[in-house]
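Student: 3D model of this:
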Amino acid sequence: MIPAANILMYLEMIPDPRTFRLKHRLIDVVAIAILSKICGAEGWEDMHEFAESREEWLRSFMELPGGIPSPDTFRRIISHIEPTAFLSAFLEWMKAVQDILPELVSIDGKTLRSTIKYGSSPLHIVSAWCENNRMILGQIRNERKSNEIAAIPELLKQLTLPMGCVITIDAAGTQKNIASQIRDMNADYVLALKGNHPKLKDEIENYFSQAKEAGKEYAPLDEFMKKEKGHGRLECRKVFATDDLEWLEQKTEWRDLRSIVAIESTRWISGEYQHENRYYISSLPPKAEILAKAIRGHWGIENECNWTLDVVFGEDESLITEGYAPENLRAMNLLVAKMLKSEKSCKKGIRAKQFKASLNNGYLCKVLQTANF
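Tutor: Next up is the predicted model:
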């Protein structure tokens, strides 16, 4: 059932945070936690109940020298595993079985609302999301959302990316030092402009307004348009890009700035008309279609990562706050979501697949085989 290049080999890379009371093997505890989440487990008690009900099956490929871990054992161990090492094991496994290099990496922060405690702020986690393999490449906690600017450089230091990646960041990360750090990594940047750089935004907005009025004869704009329709919604996005930057006073302040971008987004939703203009700066050449793909891809961290964590795994409702548990469970939930999506024989959503796996050991094995567990 278990292929040679399976995830269990990579879980052994995780350093054991315990120095005593080694009754249970670390790899067994982590593997059971993942298996239980495939079947819809939400907390430590669920992990224990899953293991008790599947003990005979688990012993067919696990040693379990200390028997079934207690809920407190799951809590204690997962809360103390260093998050970077935990995530690295998953990423190394994915590289082995998929051989997909990241091309587009999106960085964004998310507040875990349920982690708020009396007299303190909720936990805020800044993550780097890979659009290609639909997984988090790195994450760092930050106690307040206002500290996101300081957290992003630390997160970038965690990442090991191939040359030529494109990193997209929302307006909070549009900072000169961050742009420079990305270029030091041999990566390109696409950074959103909002009110945090009002003068730069106003000047770029004014340029595109005049350029569109002047026409192509006088303004070197590369253009791309895409229409999308579905779920009672029609959207048209027009993307304009240029490397005509000689007029831009702040050009030299942003390392290797090569293009500025404008997006005109028009939506018709249930008969209601909406219009929005957005602006970006980038180290990429002024190819509107390529820039449009990068900007659109940035929403993967919101639509696939954060949405899945909230709706399917109830991240915003979770009361688990101890130690590194929020970060480690976050990485685990996304891994499980990926494994379930990879199984194509069941044409249903993640929750339905979890329920099926909880009822049917054969289907659980099929999920594991598909994902090279």
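Student: which is the succeeding secondary structure element to the one helix or strand residue 127 maps to?
Tutor: Assigned by DSSP states H and E, residue 127 belongs to strand 123-130. The helix or strand immediately downstream of strand 123-130 is strand 135-142, counting by DSSP H and E.
Student: extract the C-alpha set from that following strand and format it as PDB.
Tutor: C-alpha atoms of strand 135-142 as PDB (Å, rounded to 0.1, in the frame of the first residue of the first chain):
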ATOM      1  CA  MET A 135       0.800  24.600  -0.800                       C
ATOM      2  CA  ILE A 136       2.300  27.000   1.800                       C
ATOM      3  CA  LEU A 137       6.000  27.300   1.300                       C
ATOM      4  CA  GLY A 138       6.600  29.200   4.600                       C
ATOM      5  CA  GLN A 139       4.700  31.000   7.400                       C
ATOM      6  CA  ILE A 140       5.500  33.200  10.300                       C
ATOM      7  CA  ARG A 141       3.400  34.300  13.200                       C
ATOM      8  CA  ASN A 142       3.000  37.800  14.200                       C
END
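Student: strand partners of that strand, parallel vs antiparallel please.
Tutor: Partners of strand 135-142 in the sheet, by DSSP bridges, are strand 123-130 (antiparallel).
Student: CA atoms of the partner strand as PDB?
Tutor: Taking Å, rounded to 0.1, in the frame of the first residue of the first chain, the C-alpha atoms of strand 123-130 are listed here in PDB:
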ATOM      1  CA  LEU A 123      -2.800  35.600  16.300                       C
ATOM      2  CA  HIS A 124      -1.900  36.800  12.800                       C
ATOM      3  CA  ILE A 125       0.000  34.500  10.400                       C
ATOM      4  CA  VAL A 126       1.800  35.700   7.300                       C
ATOM      5  CA  SER A 127       2.100  32.900   4.700                       C
ATOM      6  CA  ALA A 128       3.900  32.300   1.400                       C
ATOM      7  CA  TRP A 129       1.600  30.400  -1.000                       C
ATOM      8  CA  CYS A 130       2.800  28.600  -4.100                       C
END
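Student: and it, how far out from the chain's middle?
Tutor: In terms of Cα atoms, centre = their mean, to the nearest Å, the centre of strand 123-130 is set 6 Å apart from its chain centre.
Student: identify all contacting residues around that strand.
Tutor: Identification of contacts with strand 123-130 by Cβ atoms under 8 Å, 6 or more residues apart in numbering yields 102, 104-112, 115, 135-145, 147-148, 151-152, 155-156, 158-159, 300-301, 304-305, 321, 326-327, 330. Where you see a C-beta, it was placed from the backbone N, CA and C, and this is true even at glycine.
Student: residue 53 and residue 257: what is the separation?
Tutor: 58 Å (Cβ to Cβ, to the nearest Å).
Student: looking at these two, which is more packed in?
Tutor: residue 257 (19 against 14; other Cβ atoms under 10 Å).
Student: tell me the contacts of that one?
Tutor: Per Cβ under 8 Å, 6+ apart, neighbours of residue 257: 179, 245, 251, 281, 282, 283.
Student: redo that, cut-off 7 Å
Tutor: 245, 251, 281, 283 (Cβ atoms under 7 Å, 6 or more residues apart in numbering).
Student: who wins for most neighbours among the residues you listed?
Tutor: That'd be residue 281 among the contacts of residue 257, by other Cβ under 10 Å, with 26 neighbours.
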